[in-house]
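Trainee: just coords:
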């Protein structure tokens, strides 16, 4: 059901990796880049010239844009000469291509096996992967759409110097917009896992590059949701109406998203630069989330009126302090891993917590140990509350097949069985 070709990493190819990706608020593990395919050779005998040319034009546009902008799109804000956003233009090109591409699978057509689709990988050891299956192309398109959305979120969440001369900050409008973009990216990835992967035969699924492995797709989806909750927590911190209970709940939900992301990615063979850096990013954000959750849990426990609650509060705050130190080490390891990166100026959740966790932990430990003997303080961190996850991916659905296919007269049903068998090899 579709041939497979993987080009080893030592073969000369078009994978280009920057040595430095600059400031990172949202990690994007590289962009998979499509390589040209010859639709006329594969489909010329089965489709009208106009439809073949349309498929070619739509995909060529993506190949050119992604090839030119892909290597730099995660590290700089690039603009087209007409002033439009490169990210938005490339996303639009993918959205234009998808309804026409889906016609290859219309009514179970065997045309879906006739074109050899080639994509350059980023996290896989193989330089590129070729598969004669249109669902592989759809999966690759959805992955690229999600990565472009995460790139958009990263640009929104890099602090900008304000006109009043104060410290760089991220506007509330940008924060709210980023949450919508995170949910959009999660929706593309969720659709890929639930509706596209099941369309691939088991053998092809086993041979997918690790960039498109189910665990990586799920981890990226959970990463998007986890960072969405992080933004919500930051806005709650800034709000005078948000209670400690609300902040603790958001922090605990964030822990669950990042824990699930780590569970999905930890055993995958992500060994090269982008992949190893991806694992380190998840480890860093998981530690940050635990620091936030234990901090707010400790503050709520400290509101109790018994020695037991005060002891548990101290243990929770000490855990927050330890996870905060762990997160700083994980952050340093992430930035040092190739491609090199750096932190933007602190803002939002971690700017607040970087000041509050060490100060409040030291204060509470000193007060409570003055009041109670050392032995009576519970040294093991209390279990965090378990809250249901509230943030869900957008309900993204694959678009309807482009109307141009309704008028198409093809030879799909007339293809010889022996020819079909040869195509599937």
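Mentor: Here it is on my side, so go on. The structure displayed is predicted, hence computed values, not measured ones.
Trainee: every contact and neighbour count from this point should use C-alpha atoms.
Mentor: Fine.
Trainee: quick one: the helices in the protein, in order.
Mentor: Taking DSSP state H as the criterion, the chain carries its helices at 39-43, 49-73, 86-101, 134-156, 172-191, 202-206, 214-238, 244-265, 273-301, 307-336, 348-371, 417-424.
Trainee: now those in a markdown table, with distance to residue 403?
Mentor: Conversion of the helices of the chain to a markdown table gives the following (distance: least, C-alpha to C-alpha, whole Å):
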| stretch | distance to residue 403 |
| --- | --- |
| helix 39-43 | 18 |
| helix 49-73 | 11 |
| helix 86-101 | 8 |
| helix 134-156 | 18 |
| helix 172-191 | 22 |
| helix 202-206 | 30 |
| helix 214-238 | 30 |
| helix 244-265 | 39 |
| helix 273-301 | 39 |
| helix 307-336 | 47 |
| helix 348-371 | 46 |
| helix 417-424 | 26 |
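Trainee: what's the closest of those to residue 119?
Mentor: helix 134-156 (7.8 Å; C-alpha to C-alpha).
Trainee: that closest one: which residues count as buried?
Mentor: Of the residues in helix 134-156, those scored as buried under the neighbour-count criterion (16 or more other C-alpha atoms under 10 Å) are 134-156.
Trainee: and the angle from it to helix 214-238?
Mentor: Orientation of helix 134-156 against helix 214-238 (axes from the mean of the first three to the mean of the last three C-alpha atoms, to 10 degrees) gives an angle of 20 degrees.
Trainee: angle of helix 134-156 against helix 49-73?
Mentor: Calculated by the same axes, to 10 degrees, helix 134-156 forms an angle of 40 degrees with helix 49-73.
Trainee: which strands or helices does helix 134-156 pack on?
Mentor: helix 86-101, strand 117-120, helix 172-191 (3 or more C-alpha pairs under 8 Å, 6 or more residues apart in numbering; DSSP states H and E).
Trainee: for residue 384, give me its contacts.
Mentor: With contacts defined as C-alpha atoms under 8 Å, 6 or more residues apart in numbering, residue 384 is in contact with 252, 293-294, 297.
Trainee: where are the low-confidence patches of the stretch 301-425 of the chain?
Mentor: Applying pLDDT under 70 to the stretch 301-425 of the chain flags residues 368-379, 409-425.
Trainee: how about a cut-off of 50?
Mentor: Applying pLDDT under 50 to the stretch 301-425 of the chain picks out residues 374-378, 410-425.
Trainee: swap in the chain?
Mentor: Counting by pLDDT under 50, the chain shows low-confidence ranges at 1, 9-13, 76-84, 374-378, 410-425.
Trainee: burial of residue 256, as a residue count?
Mentor: Applying other C-alpha atoms under 10 Å, we find 20 other residues in the vicinity of residue 256.
Trainee: oh, that last question was meant for residue 325, not what I typed.
Mentor: Residue 325 has 17 neighbouring residues, counting by other C-alpha under 10 Å.
Trainee: against residue 245, how distant is residue 211?
Mentor: 38 Å (C-alpha to C-alpha, to the nearest Å).
Trainee: I should have written residue 133 there, sorry.
Mentor: 50 Å.
Trainee: neighbour count: these two, which is higher?
Mentor: Neighbour totals were compared for residue 133 and residue 245, and residue 133 leads with 27 against 13 (other C-alpha under 10 Å).
Trainee: what's near enough to touch residue 169?
Mentor: Counting by C-alpha under 8 Å, 6+ apart, residue 169 touches 158-162, 347.
Trainee: which one of the residues you listed has the most neighbours?
Mentor: For these, the largest number of neighbours (other C-alpha under 10 Å) sits with residue 158, at 22 neighbours.
Trainee: wait, isn't it in contact with residue 23?
Mentor: Yes. Residue 158 is within contact range of residue 23, at 7.4 Å (criterion: C-alpha atoms under 8 Å).
Trainee: overlap in contacts of those two?
Mentor: residue 344.
Trainee: name the nearest residue to residue 221, sequence neighbours excluded.
Mentor: Ranked by C-alpha to C-alpha, 6 or more residues apart in numbering and with sequence neighbours excluded, the top spatial neighbour of residue 221 is residue 186, at 4.5 Å.
Trainee: try residue 66
Mentor: In space, and not counting its chain neighbours, residue 66 is closest to residue 33: 6.0 Å by C-alpha to C-alpha, 6+ apart.
Trainee: and the contacts of residue 169 as a markdown table, adding distance to residue 236?
Mentor: Written out in a markdown table, the entries for those read as follows (distance: C-alpha to C-alpha, whole Å):
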| residue | distance to residue 236 |
| --- | --- |
| 158 | 19 |
| 159 | 18 |
| 160 | 21 |
| 161 | 23 |
| 162 | 22 |
| 347 | 14 |
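Trainee: spatially, which two of those residues are the most separated?
Mentor: Greatest spacing in the contacts of residue 169, by C-alpha to C-alpha: 162 and 347 (13.1 Å).
Trainee: check contacts around the nearest residue in space to residue 281 that is not next to it in sequence.
Mentor: When the adjacent residues along the chain are set aside, residue 281 lies closest to residue 334, with 6.0 Å between them (C-alpha to C-alpha, 6+ apart). The contact partners of residue 334, by C-alpha under 8 Å, 6+ apart, come to 277, 280-281, 284, 341.
Trainee: out of the residues you listed, which is most surrounded?
Mentor: Neighbour-wise, the contacts of residue 334 (other C-alpha under 10 Å) top out at residue 277, 26 neighbours.
Trainee: I'd say it and residue 337 touch.
Mentor: Yes. Residue 277 is in contact with residue 337 according to C-alpha under 8 Å; the separation is 5.9 Å.
Trainee: can I get the helices and strands packed on helix 134-156 in JSON lines including mean neighbour count and distance to residue 58?
Mentor: Rendered in JSON lines, the data for the helices and strands packed on helix 134-156 read as follows (neighbours: other C-alpha atoms under 10 Å; distance: least, C-alpha to C-alpha, whole Å):
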{"stretch": "helix 86-101", "mean neighbour count": "19", "distance to residue 58": "6"}
{"stretch": "strand 117-120", "mean neighbour count": "23", "distance to residue 58": "14"}
{"stretch": "helix 172-191", "mean neighbour count": "22", "distance to residue 58": "20"}
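Trainee: mind giving me JSON lines with these and columns for distance to residue 54?
Mentor: Formatted as JSON lines, those follow (distance: least, C-alpha to C-alpha, whole Å):
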{"stretch": "helix 86-101", "distance to residue 54": "8"}
{"stretch": "strand 117-120", "distance to residue 54": "16"}
{"stretch": "helix 172-191", "distance to residue 54": "24"}
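Trainee: between those, which gets nearest to residue 206?
Mentor: Judged by C-alpha to C-alpha, the one of those that comes nearest to residue 206 is strand 117-120, at 16.7 Å.
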